[in-house]
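S.K.: The following block contains a protein sequence and its predicted model.
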Amino acid sequence: MNPEVPSMSYKLEVMDIVILAAGRGSRMCSTTPKVLHKLGNAPIVEHVLRLASELHYHHTVIVTSAAVHDSITVLARKHNLHFSVVPQGGVAGTGGAVSSALQALKARPEGVILILYGDTPLLDKATICHVLDKLSNGAEIVFVAFKSSDNQYGKMVLDSTGSVLNITYRCDTNDLAVSGVVAGYRQVISELLSGLSFRGGELYLTDIVQSAAEKNIKVGYVVADECKAMGINTRADLAAAEACFQRIKRDNFLQSGVTLTSPDQVFFSIDTQITKDVVVHPYVVFGKGVTVESGAEILSYSHLESCHIKQGATIGPFARIRGNSTIDGGCVVGNFVEIKESSLGKMSKVKHLSYLGNSTIGKNTNVGAGTVICNYDGRDKQHSDIGDHCFVGANSTIVSPVSVGESAVIAAGSVITEDLPPQSLGIARSRQTTKLGYKTKDIQWRPRGCPQLKVGKCQWEGRLCQFCHSAVVGSAFCGVGRSPGCWASLLLCLMVGNGRVDGGFMGRRVTNAVLSTIACNTLVWYDFILFGSLAGTIGELFFPQEDRYLSLLSSFCVVAVGLHAPFRASVLGHIGDRYGRRVALVLSIAGISIPVGFMVVIPTYESVGVLAPVLLVVCRLVQGIALGGEAGNATFLIEHSKRNSTGLFGSFEVLSAVLGSVLALTVKIVVRHFTGITSVCGGGVYPLS
């Protein structure tokens, strides 16, 4: 031993800890400082501070950067450490950080210091005790080593006695890697640091090994598990450390009498506390602050955080408990139940689909499925109390703040906004209405058409027509079930469906929509053009004949009455937007056809005088309004068109007008050629009408 080093007989009585937590962690590729990344739901450095608190050393010096100073101060106070936080000085590297810590310890009595790393979180108390034993048995500096073939770690070079001579990064040495964690006499370490040389602008703590060998200072080592001694420098290292942490926690709980039915699928936090005879099923996650007492059972897919589960309680599956909640003995918290900042009394049950927030539930209380305690009023959280032996019916809502007295009952489906006295019944729902003698109708309206048409079968097949009660067979008009001969149901089918593009027309098929629109518009223009082509005959029958030219001009004026656009289009266009295109289409057909019937029976001018042209003008006005349906027809066609075919579909409306005109003139020519008839009984003017 170096004679300048004082005897250690009294030095082990004074022990201080140095924690190095100033590294930037650039290899983590993160804006979060490395030591504040989470491991076991706690910052990496908190694991090291927790170890320091378990060792009960006299004083802890934490070397930090400005980025983590405040966070580490809060964590150190949380673990009741006697500590000081110092920034790393101008000297970079681990050697420079230790030098800054030694400056802060100058006023302390000489003794042993333990140097820990803020990014080596899984080191345990047992390993540190082995280090101190080695220190007590003659070594003046003791490193923690582990076996690893990874070349990123420095490897120890040993002499024949097993003392450490040097740290090298050559890959042809042994697989004994150094973690950097070291304990030794403060005076010795201080002297060795003062003699170090810079490498790459930094001082490295591990370089003291070579200096110690040159000064005959004995350097020993203790071998730890790799997962306990590994440092975290990258995200991959963090993931590997998390796996090691979970394995250690699982092993500890299994050894202490906890049943883990599938250990690899259960995840713990740094402070999880579970006593013996607890059963934990797969895929359970324990967040921070969870305590589970003996006899409890946690079923699969439950997530617990900041809660206390007492003896004999059953949680899950798919339960979430958080926010300083307490579940008393014998309670049952079932599937899809969330409890936050609430307490559940002994033997109480919340078995299905409920949320209890900011509440106190008494003992032996049953909370029915779908119960929600509304605890947030938009600004503050409100609290509710439910007493002992209460019964809360299913699908109830309790709007906080509410107090429910002992043995009270809340009826299912109630919304409770006021306090309930003990042994009372609270009902807050609308009264049921029952209509006696009501029979469900066989026919149900389906405004969107029959989806079975696409596969060739109508859902109305074999059912009764609502109007004529005869058998229904499949029909293209499947907005309503009808028999083939029931025209009442056909008309309603056209008019009561929603008539919009989502409902479609004539079974949603685009082909039917196009053909039906062209046919109807063709008939409208057929009637209109036929009337105009017979203007001469109309003048002879319905106007005075004193002046032949005046009679013909009057007849042309009647034709012109039917062309009062844009008024005609605005009427049926509005109806089409408001009630659907098919309604407008039916009105357009009716507006043309019904006046035709009247015109057939209108007496001539010779019979009733001036009344004849007046009646004729009225019929033409109605037909003119009906002709405005052509605007809705074009819209109806475009609504059924494909994205790139709107112009083509819109042209079908013009095509139908041409077809109607050609048909009207063709009929007129054919009738005159074969019969010579230009009018029919009573002055009617339409052949074949």
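M.R.: Arrived safely. Owing to the predicted nature of the structure, the values given are computational and were not obtained by experimental measurement.
S.K.: need the helix or strand of this protein with the lowest average pLDDT.
M.R.: The helix or strand with the lowest mean pLDDT-type score in the chain, counting by mean pLDDT, DSSP states H and E, is helix 487-496 (a mean of 41).
S.K.: Does the very next helix or strand once past that one pack against any helices or strands, and if so which?
M.R.: As assigned by DSSP states H and E, the chain's next helix or strand after helix 487-496 is helix 510-533. Contacts defined by 3 or more CB pairs under 8 Å, 6 or more residues apart in numbering; DSSP states H and E place helix 510-533 against helix 581-601, helix 611-627, helix 629-639, helix 646-674. (Each C-beta comes from the backbone N, C-alpha and C, glycine too.)
S.K.: Show me the shaky parts of the stretch 551-689 of the chain.
M.R.: Within the stretch 551-689 of the chain, the segments meeting pLDDT under 70 span 562-570, 572-573, 576-577, 580-582, 585, 627-646, 650, 675-689.
S.K.: Which of the helices or strands spans the closest residue to Ser100 other than its chain neighbours?
M.R.: Spatial nearest neighbour of Ser100, excluding adjacent residues (CB to CB, 6 or more residues apart in numbering): Gly89 at 4.5 Å. Using DSSP H and E, Gly89 sits within no helix or strand.
S.K.: Likewise for the one 5 residues further on?
M.R.: Using DSSP H and E, Thr94 sits in helix 93-104.
S.K.: ok now that helix, how far from the chain's centre?
M.R.: Remark: helix 93-104 is offset 50 Å from the chain centroid, using CA atoms, centre = their mean, to the nearest Å.
S.K.: ok, Asn41 touching Val285?
M.R.: No: assessed by CB atoms under 8 Å, Asn41 is found out of contact with Val285, at 9.3 Å.
S.K.: So these two - more neighbours on which side?
M.R.: Asn41 (20 against 17; other CB atoms under 10 Å).
S.K.: So what's the residue count around the closest residue to that one other than its chain neighbours?
M.R.: Excluding its sequence neighbours, the residue lying closest to Asn41 (CB to CB, 6+ apart) is Ser269, at 4.0 Å. When neighbours are defined as other CB under 10 Å, Ser269 has 23 of them.
S.K.: Now that Ser269 has come up, it's in contact with Ala42, right?
M.R.: Yes: contact criterion CB under 8 Å: Ser269 and Ala42 qualify, at 6.9 Å.
S.K.: overlap in contacts of these two?
M.R.: Lys288 (CB atoms under 8 Å, 6 or more residues apart in numbering).
S.K.: Helix or strand for the residue nearest to Leu102 when sequence neighbours are not counted, just tell me which one.
M.R.: Using CB to CB, 6+ apart and skipping residues adjacent in sequence, the residue nearest Leu102 is Ser190, 5.3 Å away. Per DSSP H and E, Ser190 falls inside helix 186-194.
S.K.: tilt between that helix and helix 93-104?
M.R.: Interaxial angle, helix 186-194 versus helix 93-104 (axes from the mean of the first three to the mean of the last three CA atoms, to 10 degrees): 130 degrees.
S.K.: care to break the chain down by domain?
M.R.: 11-229, 240-426, 510-683 (automatic domain parsing).
S.K.: is it possible to export the ones you listed to TSV including distance to Gln432?
M.R.: Formatted as TSV, those follow (distance: least, CB to CB, whole Å):
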stretch	distance to Gln432
domain 11-229	50
domain 240-426	10
domain 510-683	35
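S.K.: Can you tell me which of those has the worst average pLDDT?
M.R.: Lowest mean pLDDT within the domains of the chain: domain 510-683, a mean of 71.
S.K.: Tell me which stretches of the stretch 101-250 of the chain form strands.
M.R.: 112-117, 141-147, 155-158, 164-168, 176-185, 219-223 (DSSP state E, counting those that start in this stretch).
S.K.: can you put these in CSV and add distance to Leu425 and mean neighbour count?
M.R.: Listed next are the strands of the stretch 101-250 of the chain as CSV, based on distance: least, CB to CB, whole Å; neighbours: other CB atoms under 10 Å:
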stretch, distance to Leu425, mean neighbour count
strand 112-117, 64, 26
strand 141-147, 68, 23
strand 155-158, 78, 20
strand 164-168, 79, 19
strand 176-185, 67, 24
strand 219-223, 71, 21
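S.K.: Surely Ser325 and Lys340 touch.
M.R.: Yes: counting by CB under 8 Å, Ser325 touches Lys340, with 6.5 Å between them.
S.K.: circling back: and the residue nearest to Asn41, backbone torsions?
M.R.: The phi and psi values for Ser269, taken as degrees, to the nearest 10, are phi -110, psi 170.
S.K.: Over to Val63?
M.R.: phi -90, psi 120.
S.K.: and what of Ser262?
M.R.: phi -150, psi 80.
S.K.: With adjacent residues omitted, what lies nearest to it?
M.R.: Per CB to CB, 6+ apart, closest to Ser262 is Pro282, 4.0 Å.
S.K.: for the one you found, what are its contacts?
M.R.: Neighbouring residues of Pro282 by CB under 8 Å, 6+ apart: Thr261, Ser262, Gln265, Val266, Ser300.
S.K.: now, among these, which is nearest to Arg250?
M.R.: Proximity of the contacts of Pro282 to Arg250 (CB to CB) peaks at Val266, which lies at 6.8 Å.
S.K.: three-state assignment of the most far-flung residue of the chain relative to its centre?
M.R.: Ranked by distance from the centre of the chain (CA atoms, centre = their mean), the top residue is Glu546, with 84.8 Å. With DSSP: H, G, I helix; E, B strand; the rest coil as the basis, Glu546 sits in coil.
S.K.: I'd like to know how far Lys542 sits from Ile594.
M.R.: For residue 542 the amino acid is Phe, not Lys. 19 Å (CB to CB, to the nearest Å).
S.K.: between these two, which one's more packed in?
M.R.: Ranked by neighbour count (other CB under 10 Å), Phe542 and Ile594 place Phe542 first, with 28 against 14.
S.K.: surely that one meets Pro613?
M.R.: Yes: counting by CB under 8 Å, Pro613 is a contact partner of Phe542 at 5.1 Å.
S.K.: what residues are shared contacts of these two?
M.R.: Val558, Tyr605.
S.K.: show me what contacts the residue nearest to Asn41?
M.R.: Gly40, Asn41, Ala42, Phe286, Gly287, Lys288, Gly289, Val290.
S.K.: my read: the third one touches Ile270, true?
M.R.: What it means is Ala42. Yes: if you go by CB under 8 Å, Ala42 and Ile270 touch, sitting 4.1 Å apart.
S.K.: Which neighbours do the two have in common?
M.R.: Lys288.
S.K.: Let me know the helix or strand that the spatially most central residue of the chain is in.
M.R.: Residue closest to the average C-alpha location in the chain (CA atoms, centre = their mean): Phe336, at 16.0 Å. Using DSSP H and E, Phe336 maps to strand 332-340.
S.K.: elements contacting that strand?
M.R.: So strand 332-340, by 3+ CB pairs under 8 Å, 6+ apart, packs with strand 314-315, strand 319-322, strand 325-327, strand 349-357.
S.K.: List the contacts of it.
M.R.: With CB under 8 Å, 6+ apart as the criterion, strand 332-340 contacts 307, 313-323, 325, 327, 344, 348-358, 375.
S.K.: List the buried residues for stretch 542-552?
M.R.: Phe542, Phe543, Ser551, Leu552 (16 or more other CB atoms under 10 Å).
S.K.: Equivalent analysis for stretch 379-387, please.
M.R.: Quick answer for stretch 379-387 (16+ other CB under 10 Å): Gln382, His383, Ser384, Ile386, Gly387.
S.K.: Next one: the residue nearest to the second one when sequence neighbours are not counted from Gln187, what distance?
M.R.: If you skip the residues right next to it in sequence, His383 has Asn358 as its closest partner in space, 4.8 Å away by CB to CB, 6+ apart. For Asn358, the distance to Gln187 equals 58 Å [CB to CB].
S.K.: And Leu648, by the same measure?
M.R.: Leu648 is 97 Å from Gln187, by CB to CB.
S.K.: Which one of the two is surrounded by more residues?
M.R.: Neighbours were counted for Leu648 and for Gln187 using other CB under 10 Å; Gln187 has more, 17 against 13.
S.K.: Give me the nearest residue to that one, chain neighbours excluded.
M.R.: Glu110 (5.7 Å).
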